[in-house]
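**Student:** structure, please.
(one chain, ligands or ions: 2)
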Amino acid sequence: MALLRSQRLNTTEIGNMKIILSMAALCLVPAVASAQRVPAQDPLLSENTVKVSEHVWAIMGWPNIGIVVGENATLVVDTGLGPRNGATAARVAKRLAPDNKLYLTTTHFHPEHAGGESGFPAGTILIRPKVQQDEMDKHGEEMIHLFESRNEQWRELLTNVKLRAPDKTFDKDLKLDLGGGVTARLLWFGGAHTKGDELTFVEPDKTLISGDVVQNKVVPNIYRDGGTPSSWIAVLDQVEKLGAVHVLPTHSPAGDGSLVAKEKAFIVDLRTRALGLKQQDIDAEKAGTLLTTEFKTRYPDWSITTVTNFVKSIYAE
Ligand SMILES: [Zn+2]
Ligand SMILES: [Zn+2]
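**Tutor:** Ligands and ions are numbered 1, 2, ... in the order given. Okay, the predicted model is just below:
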């Protein structure tokens, strides 16, 4: 990473460096030591699918791609890293329903979720929450350059990425009729991992495609000024009301509706403990170390390498 090799780091750059590392912890490899910046997961999507519910399929990879198939339209959620992966996702969607009209949406603006749009065929209808599009306009190019600097493979996958304006944006809630009684509600409930996190709720399946907002036993991570721990909890309050039965996250295995309550309970627990330590004037770094040990014991089936980044977000709020 060029930034890390630079001998002329000023304060801001050092700040950015920390941000890069903390993002690596979540967006790349939740189960791997955060100091390790090499991706442990293959960024090339396969064409294999698993069925999540009656109308929802997934390509399980980095990240997981959701594909919702109605009678006359298909919605793909997330693109994979760069156009080559986007083309794979589009090809799989076409295989599942060859004659369907194609919609695409993205769970947030980060390159492995949204940087493959140009691999989709012409005529694909791209939809995003307004807040996510604003984030993309402000930081999309910058994030692509950052990811390009990580390693040769990523650079190659992100060559000639073109970010285009969406065909449609929405404020909070957009209902897509995919035909045959299948609908997808595209939802923006507020900031969590980023400002523009989108959730997709599929009826009649009651399947939630949850982005980075609900994972399967993975420590949450707030990217830069994305959301706050309390805005994340407020988002989960609204997600709970949907009554999801199946959940497909981006960076962890699919699970049942109980993942929503588990995510919320974890964040509430960590927030309460961190605020307790803050009141005792223990600094954020120390609190992070203490709580990492504590939460590894108390949440043995979670992939916890460190909770320090999230503790820092709690202290900063
Ligand atoms: Zn990600
Ligand atoms: Zn992300």
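
**Student:** please make it C-alpha for all contacts and neighbour counts, starting now.
**Tutor:** OK.

**Student:** excluding sequence neighbours, find me the nearest residue to F201.
**Tutor:** In this structure, F201 finds its nearest non-sequential neighbour in L208, 4.6 Å apart by Cα to Cα, 6 or more residues apart in numbering.

**Student:** any idea which element the one you found lies in?
**Tutor:** L208 is located in strand 207-211, with elements delineated by DSSP states H and E.

**Student:** ditto for R91
**Tutor:** helix 82-96.

**Student:** ok, G211 - contacts?
**Tutor:** Listed by Cα atoms under 8 Å, 6 or more residues apart in numbering, the contact set of G211 reads T107, H108, D197, E198, L199, L248, P249, T250.

**Student:** so the second one touches K130, yeah?
**Tutor:** So that's H108. No - applying Cα atoms under 8 Å, one finds H108 not in contact with K130, separated by 11.3 Å.

**Student:** quick check: neighbours shared by these two?
**Tutor:** When contacts are counted by Cα under 8 Å, 6+ apart, H108 and K130 are jointly contacted by G196.

**Student:** alpha carbons of the helix holding R91, in PDB - could you do that?
**Tutor:** Only the C-alpha atoms of helix 82-96 are listed here, as PDB (Å, rounded to 0.1, in the frame of the first residue of the first chain):
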ATOM      1  CA  GLY A  82     -15.000  -4.500 -10.500                       C
ATOM      2  CA  PRO A  83     -16.700  -5.100 -13.900                       C
ATOM      3  CA  ARG A  84     -15.500  -8.700 -14.300                       C
ATOM      4  CA  ASN A  85     -17.300  -9.700 -11.200                       C
ATOM      5  CA  GLY A  86     -20.300  -7.600 -12.100                       C
ATOM      6  CA  ALA A  87     -20.500  -9.500 -15.400                       C
ATOM      7  CA  THR A  88     -20.500 -12.800 -13.500                       C
ATOM      8  CA  ALA A  89     -23.400 -11.700 -11.300                       C
ATOM      9  CA  ALA A  90     -25.300 -10.500 -14.300                       C
ATOM     10  CA  ARG A  91     -24.700 -13.800 -16.100                       C
ATOM     11  CA  VAL A  92     -25.900 -15.800 -13.100                       C
ATOM     12  CA  ALA A  93     -29.000 -13.600 -12.900                       C
ATOM     13  CA  LYS A  94     -29.700 -14.200 -16.600                       C
ATOM     14  CA  ARG A  95     -29.300 -17.900 -16.200                       C
ATOM     15  CA  LEU A  96     -31.800 -18.000 -13.400                       C
END
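
**Student:** got a list of contacts for that helix?
**Tutor:** Counting by Cα under 8 Å, 6+ apart, residues outside helix 82-96 touching it are 44-47, 59, 65, 67, 69, 74, 76, 79-80, 100, 111-112, 114-121, 157-159, 161.

**Student:** specify the local secondary structure of K296.
**Tutor:** helix (DSSP: H, G, I helix; E, B strand; the rest coil).

**Student:** how about it, what does it touch?
**Tutor:** Contacts of K296 by Cα under 8 Å, 6+ apart are W302, I304.

**Student:** so between H108 and K130, which is more surrounded?
**Tutor:** Neighbours of H108 and K130, each counted by other Cα atoms under 10 Å, are more numerous for H108; the result is 26 against 17.

**Student:** give me every residue that touches the spatially closest residue to that one that is not a sequence neighbour.
**Tutor:** Ranked by Cα to Cα, 6+ apart and with sequence neighbours excluded, the top spatial neighbour of H108 is D197, at 5.0 Å. With contact set as Cα under 8 Å, 6+ apart, D197 has these partners: T107, H108, Q132, W188, F189, G190, G191, G211, D212, V213.

**Student:** buried residues, the helix ranked longest in the chain. List them.
**Tutor:** For the chain, the helix that runs over the most residues, judged by DSSP state H, is helix 258-279. Burial within helix 258-279, assessed by neighbour count using 16 or more other Cα atoms under 10 Å, is assigned to 259-260, 263-264, 266-268, 270-271, 274-275, 277-278.
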